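**Q** pasting the sequence and the predicted coordinates here, then a few questions.
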Amino acid sequence: MDNEQALLQRAQKGDHEAFAALVEEHQRYIYNLALRVLKDENEALDLTQETFVRAWTALPNFRGQSQFRTWLYRIVTNLCYNRLPNLRRSLTDLGDDVIVEIPETNPAFDNPSHGFESRELRSYLHNAIETLDENYRLLISLRYQNELSYEEIASMLNLPLGTVKTGLFRAKDQLRRALEGYQEASWIIP
Amino acid sequence: MDNSLTPEQRDALVEDALQTYPVAAMPRSITADVISRIKTVPAPPPFGFSWNDFILALILSISIGAMWFSINHLPPLLVAQIRKESILFYQYLLVNMRWLIPALAFGLAAFLSALTIPLLGRELRK
């Protein structure tokens, strides 16, 4: 992190090499976020480039109020809003009516993800994530792949905390339903 | 044999799938592309104070200083007179122009809100 701070300071003074190191470090997560939302490799690559070019021009305004990576996520999300005009609305329309939270880890419970069938189930659910709406895919990617907290996501997307929780709750609910459907269709689980 | 999963098992499977959802690999590095693009963009200027900042700070400092100096060096009788007159004026406004103070407050709020419109517009266009 100290190294990143030093790179940032050099990049802010116009050092291309320092900025290249920052691009190298963060590009995969930016690309992943863009890809999960847009579902198009070329568009995601294009958006990733655009994100870093914008970051370069806005670098003098970056005062370190947030982490550099969070700042980049904000830029790529804004670019996604431009590409998908309904994304912003679909996020705000989530509301914040769900107050029950699904625990994210349940150590007391014996996770059934073992063996061939469970790998298949996991793979099935990964595919199911791909079919969720773009607003859910964005929230899932930010929470589980970019490992941001609910609060960080809410602040980054300018959404109430309850809306972020509601979105993730509904995404999980849809995945649970998908799992039920799969189970009813196949009956392969021992 | 009952093949169905319990709700807890279902939750655990969903959670497991979310936590193992893979980060996509990049088809190729974009570092060279980004660097060649930013070389055409002028280097970001280092942070610094502009003359505008200095002039604004100077005017504000002089105004605050002048106000402080005046308040501390006016004859006590005059200070008391000003205080009395301002209280009377405020009372007059409260009695005869009740609408003025809320209108001023809302007007100021509307003016300050309007100042943010260009900034918000720029943010939305980003």
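**A** Yep, it's here. As the structure is a computational prediction, the values presented were derived from the model and not from experiment. Numbers count the residues shown, from 1 in each chain, chains lettered A, B, ... in the order given.
**Q** residue ranges with poor pLDDT in chain B?
**A** In the predicted model, chain B carries pLDDT under 70 at residues B:1-3, B:42-47, B:125-126.
**Q** can you give me the helices for it?
**A** B:7-19, B:31-38, B:51-73, B:76-96, B:100-115, B:117-125 (DSSP state H).
**Q** select, out of those, the one closest to chain A.
**A** helix B:7-19 (3.4 Å; CB to the nearest CB). C-beta coordinates here come from the backbone N, C-alpha and C atoms, glycine included.
**Q** can you confirm whether that closest one lies near chain A?
**A** Yes - using CB under 8 Å from any CB of the partner chain, helix B:7-19 reaches chain A at B:7-19.
**Q** quick revisit: pick the most buried one from the helices of chain B.
**A** Most buried of the helices of chain B, by mean neighbour count (mean count of other CB atoms under 10 Å in any protein chain shown): helix B:7-19, with a mean of 19.
**Q** just checking, what packs against that helix?
**A** Here helix B:7-19 touches helix A:115-130, helix A:161-186, going by 3 or more CB pairs under 8 Å, 6 or more residues apart in numbering or on different chains; DSSP states H and E.
**Q** so which of the helices of chain B gets nearest A:A34?
**A** Ranking those by proximity to A:A34 (CB to CB) places helix B:31-38 first, at 14.0 Å.
**Q** for the closest one, packing partners?
**A** Applying 3+ CB pairs under 8 Å, 6+ apart, we find helix B:31-38 packed against helix A:16-38, helix A:41-58.
**Q** closest to A:Y136 out of these?
**A** Using CB to CB, the nearest of the helices and strands packed on helix B:31-38 to A:Y136 is helix A:16-38, at 10.1 Å.
**Q** quick revisit: ok, of the helices and strands packed on helix B:7-19, where does mean pLDDT dip lowest?
**A** Lowest mean pLDDT of the helices and strands packed on helix B:7-19: helix A:115-130, a mean of 82.
**Q** now find how far off-centre it is within its chain.
**A** Remark: helix A:115-130 is offset 19 Å from the chain centroid, using CA atoms, centre = their mean, to the nearest Å.
**Q** and the angle for that helix with helix B:7-19?
**A** Calculated by axes from the mean of the first three to the mean of the last three CA atoms, to 10 degrees, helix A:115-130 forms an angle of 70 degrees with helix B:7-19.
**Q** buried sites along stretch A:15-29?
**A** Across stretch A:15-29, burial judged by 16 or more other CB atoms under 10 Å in any protein chain shown covers A:H16, A:A18, A:F19, A:A20, A:A21, A:L22, A:V23, A:H26, A:Q27, A:Y29.
**Q** which helices and strands sit right next to the lowest-mean-pLDDT helix or strand in chain A?
**A** Lowest on mean pLDDT, DSSP states H and E among the helices and strands of chain A sits helix A:115-130, with a mean of 82. Counting contacts by 3+ CB pairs under 8 Å, 6+ apart, helix A:115-130 packs against helix A:134-140, helix A:161-186, helix B:7-19.
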